[in-house]
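> Could you look at this predicted model? Sequence included:
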Protein chains: 2
Amino acid sequence: MFESAELGHRIDKDVYERELPALRKALLDAQYENLRAARFPVVLVIGGVDGAGKGETVNALLEWMDPRHIAAHAFGPPTDEEAARAPMWRFWRALPPRGRIGILFGSWYTAPIVERVFKRISGGELDRRLGEIERFERMLADEGAVIIKLWFHLGKKQQKRRLEELASSPRTAWRVTQDDWDKFAHYDRFAKVSERALRQTSLAHAPWIVIEGGDARYRSLTAGRALLGAMRQRLDAPPSAGTRAPTGPAPAPLPAAPVDGVRLVDRIDLTQKLDKDSYEDQREKLERKLNLLLRRKRFLSRHSVVAVFEGADAAGKGGSIRRITHALDARQYRVIPVAAPTEEERAQPYLWRFWRHMPAYGSVALFDRSWYGRVLVERVEGLIPAADWQRAYAEINDFESDLAGHGVVVVKFWLQISPEEQLRRFQEREQIGFKNFKITPDDWRNRDKWDAYRVAMSDMVERTSTELAPWTLVSAEDKRFARITVLRTLCDRIEAEL
Amino acid sequence: MFESAELGHRIDKDVYERELPALRKALLDAQYENLRAARFPVVLVIGGVDGAGKGETVNALLEWMDPRHIAAHAFGPPTDEEAARAPMWRFWRALPPRGRIGILFGSWYTAPIVERVFKRISGGELDRRLGEIERFERMLADEGAVIIKLWFHLGKKQQKRRLEELASSPRTAWRVTQDDWDKFAHYDRFAKVSERALRQTSLAHAPWIVIEGGDARYRSLTAGRALLGAMRQRLDAPPSAGTRAPTGPAPAPLPAAPVDGVRLVDRIDLTQKLDKDSYEDQREKLERKLNLLLRRKRFLSRHSVVAVFEGADAAGKGGSIRRITHALDARQYRVIPVAAPTEEERAQPYLWRFWRHMPAYGSVALFDRSWYGRVLVERVEGLIPAADWQRAYAEINDFESDLAGHGVVVVKFWLQISPEEQLRRFQEREQIGFKNFKITPDDWRNRDKWDAYRVAMSDMVERTSTELAPWTLVSAEDKRFARITVLRTLCDRIEAEL
């Protein structure tokens, strides 16, 4: 893969100066065309060997375009806020919104490649992580992002010469550190691992472009053209294609409804009850237990909790959340009520607005509704094309396994009530002064779609209840029973993790 | 001030249980009423002595209200992202948007009080910092926030007893640290300094309420009532009062126009020019100098740059910014183009959207338009009441002096051109393909307000050109001259700081 980037590519000054004006104008045109309509985010990933001109090339791109709408991010050692969360958090923070360009120096590729070079992970593990990256990028592309990945390459002799050159001039010597030489000592292995990573992750919707880094004019023109090509392709696509270009094969259709019509949700035993005395007794014990679990050193330094509450209107999500918060200190948790996304959130992939609320280690985030809106309300109400919610199951599983793989205890509750109980609660709410704002025409309308939600919920649980992040189906007809179930499950899951 | 919080206040269980239901209902009503209309943010500041029940009281408030719309923040040691910025940054991050409640454990009061207790700052310095806090809170209140400050107090003997009590039970012993005892050893001094701080900053729009912390029922009821009272007062104010309650005396009218009609802006010598050769020569030298300055260890660890570009349309703000970015590495700067605020930004005080872009030490933020929109476009177009832009001058000075006091080099450029030159540039833009999107009907409309902007700009410079953050008026009729002026000023200011 790197052979064609060791051919000694060069561009003459004349050619460069003849070609540059048109390229600059075309880049600027493309940038502004995308910006004005806020059509798509451009994610430009920069990788490659030291001394191959990564920084200089990006500086050139920024000079050619309007730097006001481009943000470059360098990923050095994580800050302590980043280190307290799953590693992808820092990259989600840096994603450009629609219409803008984000340049990522270093990226999700850095850690797996470096760890494999130094044999801290096995080849199998590298493959697994590259697979994760592939799915992540596919999701970004499906969400509308244009992704371009530039790899700046130098042959071994070339790199040595380049590092020596930089080190010998007092003006550039600061750029060459011992770290660079240490890495150079592993050149062959680095090339081998990188080649494998690039090969596996160079796909139509997120291709790698390997650029020989020896000649400044060659590499800048090549990078500029690659960026322009990718943007123009999307800008010139027929408008009927929308802002999105689906990247993968169409998702397989969902399995047909079971022939006997029985869904998972029908198996929840809604008759389960708890009397007041045993409720009070268990509640107190469980609250104390939860409180103590969350104060353990191990929890504080290496774990967090992300709890999701879903269920029909009036199923008791709020009440269950309050049972939990009652056991906690205000400084340790945050409740995130999920309503319509804000305009900043709408300019990003749909999972962005949940990533931004990810708690630091030692803390608890309680989501009152969640990313599952994608396969519940957005599906049932037809707010998005079917392909979008169909791919969401796998995207959500990836997201949650990413969290679970980094110390986050992901707990998901579906609170189930009968239509009759819901009606009773709606009527009660209408009568109680401070609760009647909680009942809106929407709630009544949703009731009419009871069956559609029943199907959506069954599909959701079937496809997203994983070993790492299982669903707990809670019989919520009796509030006491539901609250104890939630508290106990939460305690059990955290305890199992510690 | 603390005497009435050492009277041994207590509430009987009977009384408590009789009063609580009504208080809870009223708090919930007030919370929802505010939430539905997103009327105002509630900032609840929590301070006081250890062991006085701060955490327990806040937990009670959260239990009584709907915790989904309340966020509690504890301010321990700053994270490294926080430590790399002016200290107020972390508090701005935590401000609740309109409609919500933010509870701040520890706050802008903690540092000045603690530093004075341990004699790291003088009494005069304490006064100065309390003065800053007073103006900050006044600004928040003027921007619509309801501010309530609760101080939990215990007499000396009471605190000692309380700490001993906590330390003696295995279930609570973890809560008492050596740090708590060290602080207790300074009880008298802590009380004295706190008293002074509270006295100076207890004002109608942001009162301190001192609560005796010995009895859980007493302190919870008192805190709940204080919160309710403040919220109800605002909710029940006549709608004509709007969401804002002006806190201070009306600002003094601006000085009348100078009798000879001559404004600052008229004194800018627009004939200044630079020929191409000396431009290229100086540009190269200055770019190199800037690049080296920004790589100095001292800059990287303790300073950042916030540069503001203001001026009429087509005055060359973008071009000047690009001259600077040309000298820098993409990883070290961010350009922030200021357009209409997003909905998340509109739910916050107007300075919030600039604070969120404050660069970390070692970095540069270039603002293409800025917070000065408040006293330029918003004033000229009548987008806000006169009182709002009139108070903005002082608020902006406070903001910038806060930055400058913590290593931020604040550099502000006003780029001036003549109306004739602007017309020429507009016409040129209309003719150049990739520039004609830059010219809109708004630009032509703004031209008609040339004189109003001239007055607004003169007032702005007069009132906000401070020693810490002076304005540089740039003659921009000649682009080369303007760009060199900007580069040189920037270098000089950074150099003077290092």
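Nice, thanks for sending it over.
> mind listing what's buried in stretch A:288-305?
Buried residues in stretch A:288-305, defined by neighbour count with 16 or more other Cβ atoms under 10 Å in any protein chain shown: A:Lys289, A:Leu290, A:Leu293, A:Leu294, A:Phe299, A:His303, A:Ser304, A:Val305. Just so you know, the C-beta spots here come from the backbone N, C-alpha and C atoms, and that holds for glycine as well.
> oh, I was asking about stretch A:35-54
Buried residues in stretch A:35-54, counted by 16+ other Cβ under 10 Å: A:35, A:39-54.
> So which of these are in helices?
Those of the buried residues of stretch A:35-54 mapping onto helices are A:Leu35, A:Lys54, per DSSP state H.
> from the chain's centre, how far out does stretch A:58-67 sit?
In terms of Cα atoms, centre = their mean, to the nearest Å, the centre of stretch A:58-67 is found 28 Å from the chain centre.
> circling back: mark which of the buried residues of stretch A:35-54 are part of strands, please.
Using DSSP state E, A:Val42, A:Val43, A:Leu44, A:Val45, A:Ile46, A:Gly47, A:Gly48 are the members of those that sit in strands.
> Output the lowest-mean-pLDDT helix or strand in chain A in CSV with nothing but the alpha carbons.
Using mean pLDDT, DSSP states H and E, helix A:441-448 stands out as the lowest-scoring helix or strand of chain A, at a mean of 81. Output of helix A:441-448 as CSV, limited to C-alpha atoms (Å, rounded to 0.1, in the frame of the first residue of the first chain):
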residue,chain,number,x,y,z
PRO,A,441,-52.9,16.0,23.7
ASP,A,442,-49.7,14.2,22.5
ASP,A,443,-50.1,11.7,25.3
TRP,A,444,-53.6,10.9,24.2
ARG,A,445,-52.5,10.6,20.6
ASN,A,446,-49.7,8.2,21.6
ARG,A,447,-52.2,6.0,23.3
ASP,A,448,-53.8,5.3,19.9
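> now the helix or strand that that helix is followed by against helix A:441-448, angle please.
Following helix A:441-448 in sequence order, the next helix or strand is helix A:450-464 (DSSP states H and E). Following axes from the mean of the first three to the mean of the last three Cα atoms, to 10 degrees, one obtains 80 degrees for the angle between helix A:450-464 and helix A:441-448.
> Just the buried residues of helix A:450-464, please?
Across helix A:450-464, burial judged by 16+ other Cβ under 10 Å covers A:Tyr453, A:Arg454, A:Val455, A:Ala456, A:Met457, A:Ser458, A:Asp459, A:Met460, A:Val461, A:Arg463, A:Thr464.
> how close does A:Leu27 get to A:Val42?
11 Å (Cβ to Cβ, to the nearest Å).
> Identify the contacts common to these two.
Jointly contacting A:Leu27 and A:Val42 under the rule Cβ atoms under 8 Å, 6 or more residues apart in numbering or on different chains are A:Leu227, A:Met231.
> show me where pLDDT drops low in chain A?
Scanning chain A for pLDDT under 70 picks out A:239-256, A:433-438.
> What are the boundaries of the strands in it?
Under DSSP E, chain A gives strands at A:42-48, A:70-74, A:101-105, A:146-153, A:208-212, A:304-311, A:333-337, A:364-368, A:408-416, A:471-475.
> now the fifth one and strand A:146-153, what's the angle there?
What it means is strand A:208-212. Orientation check (the same axes, to 10 degrees): strand A:208-212 against strand A:146-153 gives 30 degrees.
> Contacts for strand A:208-212 next, please.
The contact list for strand A:208-212 (Cβ under 8 Å, 6+ apart) reads A:1-2, A:4-9, A:48, A:52, A:57, A:148-154, A:198, A:201-202, A:218-219, A:222-223, A:226.
> Within its sheet, name the partner strands of that strand and how each one runs.
Strand partners for strand A:208-212, identified by DSSP bridges, are recorded as strand A:146-153 (parallel).
> can you list contacts of the partner strand?
By Cβ under 8 Å, 6+ apart, the residues outside strand A:146-153 that reach it are A:2, A:5-6, A:40-49, A:52-54, A:57, A:137, A:140-141, A:194, A:198, A:201-202, A:205-213, A:219, A:223, A:226-227, A:230-231, A:234.
> Of all residues in the stretch 101-250 of chain A, which one is closest to chain B?
Of all residues in the stretch 101-250 of chain A, the one sitting closest to chain B is A:Phe105 (6.0 Å; Cβ to the nearest Cβ).
> The stretch 151-300 of chain A against chain B: which residues are in contact?
A:Trp174, A:Arg295 (Cβ under 8 Å from any Cβ of the partner chain).
> Chain A - how does it break down into domains?
A:3-241, A:269-497 (automatic domain parsing).
> thinking again about what came up before, if the residue of the stretch 101-250 of chain A closest to chain B is in a bridge, with which residues?
Taking DSSP bridges, one finds A:Ile46, A:Ala74 as the beta-bridge partners of A:Phe105.
> residues in contact with A:Ala30?
Applying Cβ under 8 Å, 6+ apart, the residues near A:Ala30 are A:Leu228, A:Met231, A:Arg232, A:Leu235.
> buried subset of those?
A:Leu228, A:Met231.
> so can I have JSON lines of the contacts of A:Ala30 showing distance to A:Pro349?
Below are these laid out as JSON lines (distance: Cβ to Cβ, whole Å):
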{"residue": "A:Leu228", "distance to A:Pro349": "24"}
{"residue": "A:Met231", "distance to A:Pro349": "18"}
{"residue": "A:Arg232", "distance to A:Pro349": "23"}
{"residue": "A:Leu235", "distance to A:Pro349": "20"}
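> Going by neighbour count, list what's buried in stretch A:50-70.
For stretch A:50-70, using 16+ other Cβ under 10 Å, the buried residues are A:50-62, A:64-70.
> That one: end-to-end distance?
Counting by Cα to Cα, to the nearest Å, you get 23 Å between the two ends of stretch A:50-70.
> The spatially closest residue to A:Tyr187 that is not a sequence neighbour: what's it in contact with?
Excluding its sequence neighbours, the residue lying closest to A:Tyr187 (Cβ to Cβ, 6 or more residues apart in numbering or on different chains) is A:Lys156, at 5.0 Å. By Cβ under 8 Å, 6+ apart, the contact list for A:Lys156 reads A:Tyr187, A:Asp188, A:Ala191.
> ditto for A:Val461
Counted by Cβ under 8 Å, 6+ apart, A:Val461 has contacts A:Leu264, A:Val265, A:Trp414, A:Trp471, A:Leu473.
> Looking at those residues, state which has the most neighbours.
A:Trp414 (24 neighbours; other Cβ atoms under 10 Å in any protein chain shown).
> my guess is that one meets A:Gly316, correct?
No: using Cβ atoms under 8 Å, A:Trp414 makes no contact with A:Gly316, being 11.5 Å away.
> Which parts of stretch A:383-392 count as buried, going by neighbours?
By neighbour count on 16+ other Cβ under 10 Å, the buried set for stretch A:383-392 is A:Asp388, A:Trp389, A:Gln390, A:Arg391, A:Ala392.
> where's the last one relative to chain B, distance?
Separation of A:Ala392 from chain B (Cβ to the nearest Cβ, to the nearest Å) stands at 24 Å.
> Can you tell me the closest non-neighbouring residue to that residue?
A:Arg374 (4.4 Å).
> How many residues are close by the one you found?
Residues near A:Arg374, counting by other Cβ under 10 Å: 21.
> From A:Ala394, how far off is it?
To A:Ala394, A:Arg374 is 12 Å away according to Cβ to Cβ.
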